[in-house]
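# here is a sequence together with a model predicted from it:
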Amino acid sequence: MEKILVIGANHGGTAAINTILTNYPNKKVVVFDKNSNISFLGCGMALWIGKQIDSAEGLFYSSKEKLENNGAKVYMETEVFHIDYINKLVYGRDKNGNEIIEDYDKLILSTGSLPIELNIPGKELENVQFVKLYQHAEDVIKKLENKKIKNVVVVGAGYIGVELAEAFKRCEKNVTLVDLASSSLTGYYDENFRDLMNENLKNHGINLRFSEKLLKLEGNENNQVTKVITDKNEYDADMVILAVGFIPNSKLAQDHLKLFKNNAILVNSYQQTSDKDVYAIGDCGTIYDNAIEEVNYIALATNAVRTGIVAAHNACGIELEGIGVQGSNGISIFGLNMVSTGLTYERALKLGFNAEYVEHTDLQKPGFIKNNNDVTLRIVYDKISRRILGAQIASKEDISMGIHVFSLAIQEKVTIDKFKLLDIFFLPHFNQPYNYFTMAALGAK
Ligand SMILES: Cc1cc2nc3c(=O)[nH]c(=O)nc-3n(C[C@H](O)[C@H](O)[C@H](O)COP(=O)(O)OP(=O)(O)OC[C@H]3O[C@@H](n4cnc5c(N)ncnc54)[C@H](O)[C@@H]3O)c2cc1C
Ligand SMILES: NC(=O)C1=CN([C@@H]2O[C@H](COP(=O)(O)OP(=O)(O)OC[C@H]3O[C@@H](n4cnc5c(N)ncnc54)[C@H](O)[C@@H]3O)[C@@H](O)[C@H]2O)C=CC1
């Protein structure tokens with residue numbers, strides 16, 4: 001029986017394992033994970049910390065037991081420390097120090113990512129937290145019960161930082177959000193969209209400190225953090241969250257597999273690495289980005305799931321080519337919903353596209369409908385090829401599904417001119433006859 005070994009059983013790994021177990025009963029599946037849990041939805045962490053949900057119970061959708069009931073052999077709390085790619089052997093060590101060796105016919109690496117560690121004095125002080133794992137969130141929640149924790153400084157105003165800033169505010173903490181960049185969410189939105197989010201955060205009492213470089217953290221005699229020092233200011237801090245991005249966890253691939261510029265494991269559209277019997281999925285690997293028509297690194301659970309499915313079929317001998325991604329993403333903070341896909345205008349210009357954008361703001365539904373809010377849509381396109389490169393939408397309405405049409409447009413290289421006359425239904429309960437999709441696109445010269 002052919003044996004497929006999976007290292008890492010979070011979102012990517014779980015998707016691959018389930019795909020194999022469901023579709024290929026003639027394959028043996030062996031799994032290693034160094035953690036004690038499987039499938040934690042990090043996206044629920046802010047909801048849990050901010051008490052918008054009561055517990056973490058619903059934040060898992062799989063477990064060792066579920067995978068084993070479906071036929072896998074699962075080693076939890078067992079870290080793989082070496083792979084002999086030549087002899088196809090994987091070496092793990094369990095929590096009791098026992099060494100476990102398993103051979104494989106095909107190997108799927110799903111070792112994910114690690115939060116970036118800033119090399120600054122004071123980073124080892126107590127109450128300086130990373131937020132990636134279930135255990136991290138549990139630790140933060142327990143510490144927040146201490147009423148002495150009043151001032152929380154969040155470093156990094158990307159997706160994690162902004163979501164957690166809201167969560168800490170909901171716990172009635174004084175929250176300062178610091179970023180090296182001149183705004184929150186610089187990786188995802190253009191300036192006027194970022195301004196909407198910054199205004200929203202400010203209006204909810206979050207102290208925004210942008211264009212500041214973190215220099216060091218200071219502590220008291222008990223080694224607990226007390227201050228955050230930047231190149232411009234200093235802030236009182238009883239807890240500091242470091243959320244300045246992820247790096248791929250590709251240590252096991254070094255010295256054997258080809259890596260991308262940020263050390264992600266380089267894969268082709270079948271998730272195959274430079275070793276034909278080894279696949280890499282999710283945050284530890286690269287992904288093809290249709291917006292730039294090149295390989296890229298985009299750490300998202302959605303990509304982990306899709307690449308897991310692709311790798312599983314290919315590892316089992318059924319060819320399935322991935323179709324690439326657009327990096328579609330979304331955020332919802334104090335009722336302001338923002339979604340984006342593909343390239344922002346700023347990034348498109350930086351990458352050398354002949355970029356242009358059209359933008360339109362209008363009520364979601366006709367004026368006679370109550371409970372109705374403005375929606376702002378920006379579509380970014382290339383003036384020469386006319387190809388749609390990206391889109392951003394912001395509103396207090398739930399506009400989340402709207403972004404998917406732009407994701408598909410980028411994937412299928414639809415031009416802005418074709419988009420102008422896209423068939424969009426109208427019903428006053430949902431939208432307007434002169435839809436902002438159409439109105440924005442018609443503005444393209
Ligand atoms: C707070 C937060 C919120 C997020 N919100 C969203 C969101 O809303 N939407 C979204 O799309 N994405 C979100 N993400 C990103 C998303 O969680 C990641 O992209 C996703 O977890 C990647 O899945 P993965 O399986 O590739 O890697 P990981 O989740 O990093 O899992 C890797 C697994 O490999 C195991 N492992 C690693 N090394 C070894 C080893 N040597 N031996 C054995 N096991 C090993 C680890 O224990 C882990 O279980 C969020 C992330 C965080 C932290
Ligand atoms: N809603 C969603 O889809 C979510 C997705 N995620 C994903 O998880 C991954 C990790 O998220 P984040 O850590 O928030 O990364 P991020 O890339 O979203 O944001 C990192 C932020 O840190 C800032 N930064 C970098 N170095 C810094 C420094 N030295 N000092 C101060 N600021 C610095 C950057 O300017 C950036 O704003 C991302 O890929 C993200 O897309 C995370 C949370 C939610």
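Nice, I can see it. Ligands and ions are numbered 1, 2, ... in the order given.

# residues touching residue 416, list them.
The contact partners of residue 416, by C-beta atoms under 8 Å, 6 or more residues apart in numbering, come to 358, 379, 381, 386, 387, 388, 441, 444. From N, CA and C alone the C-beta is placed, and that goes for glycine too.

# can you list which of those residues are found in helices?
Of the contacts of residue 416, the ones assigned to helices by DSSP state H are residue 441.

# residue numbers of the stretch 151-300 of the chain in contact with ligand 1?
160, 249, 252, 282, 283, 299, 300 (C-beta under 6 Å from any ligand atom).

# please work out which residues outside stretch 217-237 touch it.
Stretch 217-237 has contacts (C-beta under 8 Å, 6+ apart) with 120-123, 125-128, 151-153, 155, 176, 178, 209, 211-216, 238-240.

# likewise stretch 67-84?
Residues outside stretch 67-84 that contact it (C-beta under 8 Å, 6+ apart) are 7, 9, 14, 17-18, 21-22, 25, 28-36, 38, 64, 89-95, 100, 107, 252, 256.

# of these, just the buried ones, ChimeraX syntax please.
Buried residues among these (16 or more other C-beta atoms under 10 Å), as a ChimeraX selection:
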select :7,9,14,17,18,21,28,29,30,31,32,33,34,35,38,64,90,92,93,107,252,256
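
# narrow the contacts of stretch 67-84 to those in strands?
7, 28-32, 89-94, 100, 107 (DSSP state E).

# tell me which two in the residues you listed are the farthest apart.
28 and 93 (21.9 Å; C-beta to C-beta).

# hmm, what's the outermost residue in this protein?
Here the chain reaches farthest from its C-alpha mean at residue 368, the gap being 38.3 Å by C-alpha atoms, centre = their mean.

# taking the stretch 1-150 of the chain, what residue is nearest to ligand 1?
Nearest residue of the stretch 1-150 of the chain to ligand 1, counting by C-beta to the nearest ligand atom: residue 112, 2.0 Å away.

# one step back: ok, which of the residues of the stretch 151-300 of the chain next to ligand 1 also contact ligand 2?
Restricting these to those adjacent to ligand 2 (criterion: C-beta under 6 Å from any ligand atom) gives 160, 299, 300.

# looking at the residues you listed, which is nearest ligand 1?
Distance ranking of those against ligand 1, using C-beta to the nearest ligand atom, places residue 300 first at 3.6 Å.

# narrow the ones next to ligand 2 among the residues of the stretch 151-300 of the chain next to ligand 1 to those in strands?
Using DSSP E, no member of those sits in strands.

# mind putting those in a markdown table, pLDDT, neighbour count and distance to residue 290 included?
Putting those into a markdown table (pLDDT from 0 to 100; neighbours: other C-beta atoms under 10 Å; distance: C-beta to C-beta, whole Å) gives the following:
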| residue | pLDDT | neighbour count | distance to residue 290 |
| --- | --- | --- | --- |
| 160 | 98 | 24 | 25 |
| 299 | 98 | 19 | 17 |
| 300 | 98 | 18 | 14 |
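
# mind listing the helices for the stretch 301-445 of the chain?
Using DSSP state H, counting those that start in this stretch, the helices of the stretch 301-445 of the chain run over 301-315, 345-350, 403-411, 416-419, 436-442.

# would you mind finding the most buried of those?
helix 301-315 (a mean of 24; mean count of other C-beta atoms under 10 Å).

# and residue 298, how many residues sit next to it?
Neighbour count for residue 298, taken as other C-beta atoms under 10 Å: 17.

# hang on, it packs against residue 327?
Yes - with contact defined as C-beta atoms under 8 Å, residue 298 counts as touching residue 327 (4.5 Å).

# touching both of those two, which residues are there?
Joint contacts of residue 298 and residue 327 (C-beta under 8 Å, 6+ apart) are residue 289.

# hang on, the earlier thing: report the contact partners of the residue of the stretch 1-150 of the chain closest to ligand 1.
8, 10, 12, 248, 249, 282, 283, 284, 304.

# for those residues, work out which two are farthest apart.
10 and 248 (13.6 Å).

# quick check: closest non-adjacent residue to residue 296.
Excluding its sequence neighbours, the residue lying closest to residue 296 (C-beta to C-beta, 6 or more residues apart in numbering) is residue 289, at 3.7 Å.

# could you redo the helices of the stretch 301-445 of the chain as JSON lines and give each row mean pLDDT and distance to ligand 1?
Output for the helices of the stretch 301-445 of the chain, formatted as JSON lines (pLDDT from 0 to 100; distance: least, C-beta to the nearest ligand atom, whole Å):
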{"stretch": "helix 301-315", "mean pLDDT": "98", "distance to ligand 1": "4"}
{"stretch": "helix 345-350", "mean pLDDT": "98", "distance to ligand 1": "19"}
{"stretch": "helix 403-411", "mean pLDDT": "98", "distance to ligand 1": "13"}
{"stretch": "helix 416-419", "mean pLDDT": "97", "distance to ligand 1": "25"}
{"stretch": "helix 436-442", "mean pLDDT": "96", "distance to ligand 1": "24"}
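
# among those, which comes closest to residue 396?
Nearest of the helices of the stretch 301-445 of the chain (C-beta to C-beta): helix 436-442, 14.5 Å.

# who are the packing partners of that closest one?
On a contact count with 3 or more C-beta pairs under 8 Å, 6 or more residues apart in numbering; DSSP states H and E, helix 436-442 meets strand 355-363, strand 374-382, helix 416-419.

# so what's the gap between it and the chain middle?
Helix 436-442 sits 29 Å away from the centroid of its parent chain (C-alpha atoms, centre = their mean, to the nearest Å).

# ok, residues contacting that helix?
Helix 436-442 is touched from outside by 358-362, 375, 377-379, 402, 405, 416, 419-422, 424, with contacts defined as C-beta under 8 Å, 6+ apart.

# swap in 7 Å and give it another go.
For helix 436-442, the external contacting residues (C-beta atoms under 7 Å, 6 or more residues apart in numbering) are 358, 359, 360, 362, 375, 377, 379, 416, 419, 420, 422, 424.

# next one: stretch 92-107
The contact list for stretch 92-107 (C-beta under 7 Å, 6+ apart) reads 2-5, 30, 32, 75, 77-81, 88-91, 277-278, 315.

# per-domain residue ranges of this structure.
Domain ranges of the chain: 3-35+42-113+247-315, 117-244, 336-442, per automatic domain parsing.

# and ligand 2, is the last one touching that?
No - among the residues of domain 336-442, none lie within reach of ligand 2 under C-beta under 6 Å from any ligand atom; the closest is 9.5 Å away.

# start and end of that domain, how far apart?
The straight-line separation of the ends of domain 336-442 (C-alpha to C-alpha, to the nearest Å) is 26 Å.

# what parts of the stretch 301-445 of the chain come near ligand 1?
301, 302, 304.

# change it to 8 Å
Proximity of the stretch 301-445 of the chain to ligand 1 is confined to 301, 302, 303, 304, 307, 308, 329, 330, 331 under the rule C-beta under 8 Å from any ligand atom.
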